[in-house]
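> how would this look folded up:
(one chain, ligands or ions: 2)
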Amino acid sequence: MFRVGLTGGIGSGKSAAAGCFRALGIPVVDADWAARVVVQPGQPALEEIARHFGGAILLENGALDRAALRTRVFDDPAERAWLEQLLHPLIREEISTALNRSPGPYAILESPLLIESGQDQLVDRICVIDLPESLQIARACARDSCSGAHVSKVMAAQLSREQRLAQADDVLDNAAGLAALQAQVETLHNRYLQLAAATP
Ligand SMILES: CC(C)(COP(=O)(O)OP(=O)(O)OC[C@H]1O[C@@H](n2cnc3c(N)ncnc32)[C@H](O)[C@@H]1O)[C@@H](O)C(=O)NCCC(=O)NCCS
Ligand SMILES: Nc1ncnc2c1ncn2[C@@H]1O[C@H](COP(=O)(O)OP(=O)(O)OP(=O)(O)O)[C@@H](O)[C@H]1O
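Ligands and ions are numbered 1, 2, ... in the order given. As a prediction, the model looks like this:
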């Protein structure tokens with residue numbers, strides 16, 4: 001089945017673009033969703049995280065304290081590398097299962113780390129959602145009411161705009177409004193329908 005990886009940095013508009021594809025009837029698998037599934041209470045990965053970071057990384061109800069872990073990993077690249085070596089293979093497995101269950105005509109994999117984590121091997125084509133970094137920071141801060149300094153730390157752990165664009169087969173320009181984004185998605189959707197039909 002034909003698959004498109006939709007990627008972009010934090011706050012770039014992946015969810016917004018994915019929503020446009022969903023509205024056109026296209027199934028979307030979300031890597032951030034998969035990253036939550038693999039650390040649900042009862043999952044072995046959550047126990048390993050608690051062993052590594054200490055019990056204080058869990059909330060009273062036993063769920064992961066995501067805000068606490070966010071601070072630990074984005075302040076310390078070695079801790080982030082540890083977390084990624086644990087979670088990325090599990091996330092990839094979860095994504096792969098979900099993609100295999102997705103009905104056609106084609107499927108979208110929405111992932112902030114599509115290229116960084118090798119998930120691009122699961123797709124036929126890479127669509128990058130692009131905007132100037134200053135706008136990316138402003139939108140991420142407005143959405144999450146967090147500091148620009150925090151968003152910049154997350155961005156430092158992701159590919160640069162130039163590195164990501166260098167891998168793109170298609171680019172969605174998200175500097176303008178949502179109507180402009182939707183129009184670009186519709187154009188790409190028609191192209192993907194053609195490509196999917198031509199893929200055995
Ligand atoms: C550190 C965690 C617990 C913070 O959780 P929180 O709810 O605050 O953020 P959430 O998971 O919604 O991620 C928000 C955004 O942060 C960025 N981000 C998340 N993890 C990473 C990472 N390892 N490297 C770079 N950017 C990341 C992405 O742009 C993502 O969309 C969480 O991000 C996590 O478990 N990260 C490791 C797993 C991972 O790499 N996930 C990315 C999808 S493959
Ligand atoms: N074209 C646009 N015009 C104005 N606001 C936008 C546009 N696209 C997205 N936004 C807003 O910018 C913010 C970030 O967009 P979105 O949540 O889709 O990004 P994302 O790439 O999924 O982020 P993350 O990686 O953090 O999950 C949201 O509040 C969204 O509503």
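
> from residue 128, how far off is residue 111?
According to CB to CB, to the nearest Å, residue 111 and residue 128 sit 11 Å apart. Heads up, the C-betas are built off the backbone N, CA and C, glycines and all.

> could you identify the helix or strand that succeeds the helix or strand where residue 51 lies?
Using DSSP states H and E, residue 51 sits within helix 44-53. Downstream of helix 44-53, the next assigned helix or strand under DSSP H and E is helix 66-74.

> is any residue of whatever helix or strand comes next after that following helix near ligand 1?
Note on helix 66-74: by DSSP H and E, the next helix or strand toward the C-terminus is helix 77-101. Yes - Helix 77-101 reaches ligand 1 (CB under 6 Å from any ligand atom) through 80, 83-84, 87, 91.

> could I get those residues in a markdown table, plus columns for pLDDT and neighbour count?
Shown next, in a markdown table, are those (pLDDT from 0 to 100; neighbours: other CB atoms under 10 Å):
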| residue | pLDDT | neighbour count |
| --- | --- | --- |
| 80 | 98 | 15 |
| 83 | 98 | 20 |
| 84 | 98 | 16 |
| 87 | 98 | 19 |
| 91 | 98 | 25 |
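
> show me which of those residues is closest to residue 37.
residue 91 (8.4 Å; CB to CB).

> what does the model give the closest residue to the closest one other than its chain neighbours for pLDDT?
Distances taken as CB to CB, 6 or more residues apart in numbering put residue 34 closest to residue 91, at 4.7 Å, once the chain neighbours are dropped. We have a pLDDT of 98 for residue 34.

> list of residues touching the helix or strand encompassing residue 149?
For residue 149, the host element (DSSP H and E) is helix 148-156. Helix 148-156 is touched from outside by 9-11, 74-75, 133, 136-137, 140-141, 144, with contacts defined as CB atoms under 8 Å, 6 or more residues apart in numbering.

> any idea how far residue 41 is from the residue lying farthest from the centre of the chain?
The C-alpha centroid of the chain is most remote from residue 60, which lies 28.0 Å away (CA atoms, centre = their mean). When distance is defined by CB to CB, residue 60 is 12 Å away from residue 41.

> ok, now residue 119?
25 Å.

> next: residue 82.
Counting by CB to CB, the gap from residue 82 to residue 41 is 21 Å.

> need the residues touching each of residue 111 and residue 128.
residue 7.

> before we move on, the earlier item: what is the neighbour count of the residue nearest to residue 91?
22 (other CB atoms under 10 Å).
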